[in-house]
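A.B. asks: Test case, fold it:
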Amino acid sequence: MKLGLSLGYSGAHLDLPVDLVQRAEALGYDSVWTAEAYGSDAVTPLAFLAAHTKRIRLGTGIMQLAARSPANAAMSAATVDALAGGGRFIAGLGVSGPQIVEGWYGEPWGRPYYRLKDYVAIMRKIFRREAPVEHAGREISLPYRGAGATGLGKPLKSILHMNPDIPIWLGTGNEATVKLTAEIADGWMALGFVPGTLPEFLPWLEEGFRRAEKATGRRKTRADFTIQASVQVEVTEDVRAGLARLKPEVALYVGGMGAREKNFHKDMMIRRGFAEAAERIQELYLAGRKEEAVAAVPDEWIDQKSLVGPPARIRAGYRAWAESGADLLTVRSRQPAAIEVMAEAAGLTREDAA
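C.D. replies: Numbers count the residues shown, from 1 in each chain. Predicted coordinates for the structure are as follows:
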């Protein structure tokens, strides 16, 4: 299993840990991943990192669909890929949630399933430059012919001769969108994936592969597809304290990231057997009792989706992830020690490692 490094969101000030990324590259990490919410964007930091690294792949985890048109997403991906020397960019996409889509970007939530499908199809047409781009989709069409159109829109082909095979991965988690991911994407940023859950998702993936073969006439299998899992890593001698430090993020996502009636993170916690805790966290968080919401996060939930403790405990816990069926595990940590111990656990070796 390969390792990636996830840089997460920026806070009030942009803090891009270039030294940490360079160390991960030296240790043999496969990729580095950036994200966006409603502050810094996911693409620009990768352009900066491309200039300060040599081989590590550069992935967006994720570019939000509402943040840019599919044409702009394709242009951004192709530009950074070209600047990085080609073959290094991974276009990771996701829909975000209605609060951000409508509240921040001013776009309609619409039908995310069909928006994903149209978005990926348009990006692939742009990458391949086989003809001026036309697409008659259920959510997105090119040229635009909707309300307010002049009728002068013209199909165009990219001026830049870009890498035609830039991989597109999707961040999805429910049955319909996981099937769609297996059908149209090159990889899956698996939301809610922890060791032991692949059997739950595998029938959905296999159905997506069957749909891809039916649509294209070309056989698609698990070998043609990358599953990316993600784990928070915290090196500490005090396991309980380490788990506690990861609880505020869970309380934010389960309690406040999304509406009361539509919160994927809460739904996933319920699916994993923590229904009572999930309801309690949301209730407390939305009531403004955030500290109590944090305290309501069970240690067991954090431990299930994280690697926390002394190096020996992390190495032991890593084995379950290595056997989980994922192909790539992204490490979410700013600790140099975490980057090192995970490289050791995965048996990474590089001649240029210090």
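A.B. asks: now this protein, which segments are flagged as low pLDDT?
C.D. replies: Where the chain drops to pLDDT under 70, the residues are 258, 350-354.
A.B. asks: which stretches of it form strands?
C.D. replies: All strands of the chain, identified by DSSP state E, fall at 2-6, 31-34, 57-60, 63-64, 89-94, 135-136, 141-142, 168-172, 187-190, 226-235, 306-309, 328-332.
A.B. asks: What helices and strands are in contact with the third one?
C.D. replies: Packing contacts for strand 57-60, counted by 3 or more CB pairs under 8 Å, 6 or more residues apart in numbering; DSSP states H and E, involve strand 31-34, helix 44-50, helix 70-83, strand 89-94. To be clear about C-beta, it is placed using only N, CA and C from the backbone, and glycine gets the same treatment.
A.B. asks: list the contacts for residue 158?
C.D. replies: Residues in contact with residue 158 (CB atoms under 8 Å, 6 or more residues apart in numbering) are 74, 75, 78, 126, 129.
A.B. asks: how about 10 Å then?
C.D. replies: Contacts for residue 158 were tallied using CB atoms under 10 Å, 6 or more residues apart in numbering; they are 71, 74, 75, 78, 125, 126, 127, 128, 129, 132, 133.
A.B. asks: Farthest pair within those?
C.D. replies: Maximum pairwise distance among those (CB to CB): 16.5 Å, between 78 and 132.
A.B. asks: ok, those two, which is more surrounded?
C.D. replies: residue 78 (23 against 13; other CB atoms under 10 Å).
A.B. asks: What separation is there between the nearest residue to the more buried one once chain neighbours are set aside and residue 125?
C.D. replies: Excluding the flanking residues, the one nearest residue 78 by CB to CB, 6 or more residues apart in numbering is residue 162, at 3.6 Å. Between residue 162 and residue 125 the distance is 12 Å, computed by CB to CB, to the nearest Å.
A.B. asks: swap in residue 44?
C.D. replies: 25 Å.
A.B. asks: the more surrounded of those two?
C.D. replies: residue 125 (22 against 15).
A.B. asks: dump the residue contacts of the more buried one.
C.D. replies: Residue 125 is in contact with 70, 71, 74, 131, 132, 133, 134, 135, 142, 155, 157, 158, counting by CB under 10 Å, 6+ apart.
A.B. asks: now, the most widely separated pair of these?
C.D. replies: Pairwise distances among these were taken by CB to CB; the largest, 16.0 Å, belongs to 70 and 131.
A.B. asks: the more surrounded of these two?
C.D. replies: residue 70 (24 against 9).
A.B. asks: Now flag whichever of the contacts of residue 158 is closest to residue 272.
C.D. replies: For these, the closest approach to residue 272 (CB to CB) belongs to residue 74, at 35.3 Å.
A.B. asks: In this structure the closest one contacts residue 156, no?
C.D. replies: No. With contact defined as CB atoms under 10 Å, residue 74 does not reach residue 156; the gap is 11.9 Å.
A.B. asks: Common neighbours of those two, please.
C.D. replies: By CB under 10 Å, 6+ apart, the residues touching both residue 74 and residue 156 are 126, 133.
A.B. asks: neighbour count winner among the two?
C.D. replies: residue 74 (25 against 13).
A.B. asks: nearest spatial neighbour of that one, skipping sequence neighbours?
C.D. replies: Nearest to residue 74 is residue 126, by CB to CB, 6+ apart, at 4.0 Å.
A.B. asks: OK, contacts around that neighbour?
C.D. replies: 70-75, 77-78, 133, 135, 142, 156-158, 160, 162, 164, 166.
A.B. asks: Can you say which of the residues you listed are buried?
C.D. replies: 70-71, 73-75, 77-78, 133, 135, 142, 158, 162, 166 (16 or more other CB atoms under 10 Å).
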